[in-house]
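Novice: the sequence and its predicted three-dimensional model are supplied below.
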Amino acid sequence: MTLELATAGESHGPALVAILTGLPAGLSLDRAAIDDDLRRRREGYGRSPRQQLERDEVEVLAGLRHGLTLGTPLALVIRNRDHENWAWGMSPWVPEGEPTGKGVTPVTIPRPGHSDLAGALKYGHSDVRNALERASARQTAAHVAAGSVAKALLRQIGVSVTGSVLEVGGETAPGAMRSATDAARRDRDTLGGVVEVVATGVPPGLGSYAEKADRLDGRMAAALMGVQAVKGVEIGDGFALARRRGSEAHDEIEPGLRRGTNRAGGIEAGVSNGEPIVVRAAMKPLPTLMRPLRSIDLESGEPGEALVERSDVQAVEALAVVAEAAVAWELARAALEKFGGDALDDFVGAHRAYLERIAWQR
Ligand code: EPS
């Protein structure tokens, strides 16, 4: 059985839901550790006031008993506290009583850069809110909860995964990132940035060159590119490799099968090579602007200004946590494919036996 994740939930609906299948039984989960990752995702300079409203605490509805996984589907829920302000507008059932609160007026002017236009056309929605609610990056909270579970599994075989911010609005020093964020807020504008995720302790041999879909680099790219607002992904030295000669582009193999450099970012031919996995993701500036861009009213066909909603100035720190979760999830999937195991001890034992076979020492 492979590790799979199904999620559901609208940004201002009652809750976000994640169902994780394929986890071995006997994995110890720590509620505080999951909530801590959710808190890290919520925080960050430049976030929307929405983040002060939310608590983002995980509830477990199935698959866990006394803190240990049962080997059955694990069902996680994160409630949206803001839903009480949208109870009529985002009611799953036909709402009762007079319209009240937020989300009661249909949105007809799509924001360039968000899901609004594509979603409205694709699904035939006359209220753009029916598209944007699910496309919203609020959904990343569910993925962070799942990533936290994946990290717990990976820890059992000595793998750790950490995301960090490299750039915000083109700035790399923490003070300059904050100043750029302040300036963008003053100008009622938004910023993007770059994050990096490093996974250490990954053994050689995760992923495969056998088929395109098995390649770990392709899987990492898909995992990160699937995150809201990500427009670019690179592995190791990525785009810079294209400008170098071969003699400067690869990682020579030294005694003990060690490498002095890690230009490949820990992946060669779609397979982990035992070096740290290093991946980066580029995030575009967020598309909800307080100074709206030009758009067209889908109802009247007339030019108009795009929807203005409370939003983040930038969410690059949040992306670092979300990207960490995405990488952890994909590495956990690849590790379970390689080592299997219905019980955690089977998984850990298979990993140990494999390292013995390849005489891998790190
Ligand atoms: C988002 C718009 C904003 C962000 C949201 C992503 O939501 P709201 O309109 O409710 O303020 O805050 O991110 C989150 C809610 C979150 O928890 O990350 C969007 O349109 O993608």
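Specialist: Okay, I see it. Numbering: from 1, shown residues only.
Novice: tell me which residue lies nearest the centroid of the chain.
Specialist: Residue closest to the mean C-alpha point of the chain, counted by Cα atoms, centre = their mean, is residue 322 at 3.4 Å.
Novice: okay, and that residue sits in which element?
Specialist: Per DSSP states H and E, residue 322 falls inside helix 316-339.
Novice: any buried residues in that helix, and which?
Specialist: 316-336, 338-339 (16 or more other Cβ atoms under 10 Å). From N, CA and C alone the C-beta is placed, and that goes for glycine too.
Novice: ok, now stretch 67-83?
Specialist: 69, 70, 71, 74, 75, 76, 77, 78, 79, 80, 82, 83.
Novice: isn't the fifth one up against residue 61?
Specialist: The one in question is residue 75. Yes. The pair residue 75 / residue 61 is scored as a contact, 4.2 Å apart, by Cβ atoms under 8 Å.
Novice: before we move on, back to that, mind checking how far the helix holding residue 322 is from the chain centre?
Specialist: Distance of helix 316-339 from the chain centroid (Cα atoms, centre = their mean, to the nearest Å) equals 8 Å.
Novice: do the same with stretch 32-42
Specialist: The answer for stretch 32-42 is 13 Å, by Cα atoms, centre = their mean.
Novice: now it: buried residues?
Specialist: 34, 35, 37, 38, 39, 40, 41, 42.
Novice: sticking with the third one, tell me its helix or strand.
Specialist: In this structure, residue 37 is located in helix 31-42 according to DSSP H and E.
Novice: helices and strands around that helix, which ones?
Specialist: Helices and strands touching helix 31-42, by 3 or more Cβ pairs under 8 Å, 6 or more residues apart in numbering; DSSP states H and E, are strand 58-62, helix 140-155, helix 316-339.
Novice: close to the ligand: what parts of the stretch 51-200 of the chain are there?
Specialist: Taking Cβ under 6 Å from any ligand atom as the contact definition, the stretch 51-200 of the chain meets the ligand at 136, 137, 138, 140, 141.
Novice: which among those residues end up buried?
Specialist: Going by neighbour count (16+ other Cβ under 10 Å), these have 136, 137, 138, 140, 141 buried.
Novice: need the residues you listed in a markdown table with pLDDT, can you?
Specialist: As requested, these are exported to a markdown table (pLDDT from 0 to 100):
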| residue | pLDDT |
| --- | --- |
| 136 | 96 |
| 137 | 96 |
| 138 | 97 |
| 140 | 98 |
| 141 | 98 |
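Novice: my guess is residue 110 contacts residue 298, does it?
Specialist: Yes. Using Cβ under 8 Å as the test, residue 110 is close enough to residue 298 to be in contact (6.7 Å).
Novice: residues shared between the contacts of these two?
Specialist: Overlap of the contact sets of residue 110 and residue 298 (by Cβ atoms under 8 Å, 6 or more residues apart in numbering) consists of 117, 120, 128.
Novice: tell me the one of these nearest the ligand?
Specialist: Using Cβ to the nearest ligand atom, residue 128 comes nearest to the ligand of the shared contacts of residue 110 and residue 298, at 11.4 Å.
Novice: contacts only, for that closest one.
Specialist: Counting by Cβ under 8 Å, 6+ apart, residue 128 has contacts 106, 107, 108, 109, 110, 116, 117, 119, 120, 298, 307.
Novice: of all the helices and strands packed on helix 31-42, which lies closest to residue 18?
Specialist: Closest to residue 18 of the helices and strands packed on helix 31-42, according to Cβ to Cβ: helix 140-155, at 4.3 Å.
Novice: could you give me the average pLDDT of the next helix or strand after the closest one?
Specialist: Downstream of helix 140-155, the next assigned helix or strand under DSSP H and E is strand 160-168. Here strand 160-168 scores 98 as its mean pLDDT.
Novice: can you list the buried residues in strand 160-168?
Specialist: 161, 162, 163, 165, 167, 168.
Novice: same deal with stretch 225-243?
Specialist: Buried residues in stretch 225-243, counted by 16+ other Cβ under 10 Å: 227, 228, 229, 230, 233, 234, 235, 236, 237, 241.
Novice: which of those fall within helices?
Specialist: Per DSSP state H, helices hold the following members of the buried residues of stretch 225-243: residue 241.
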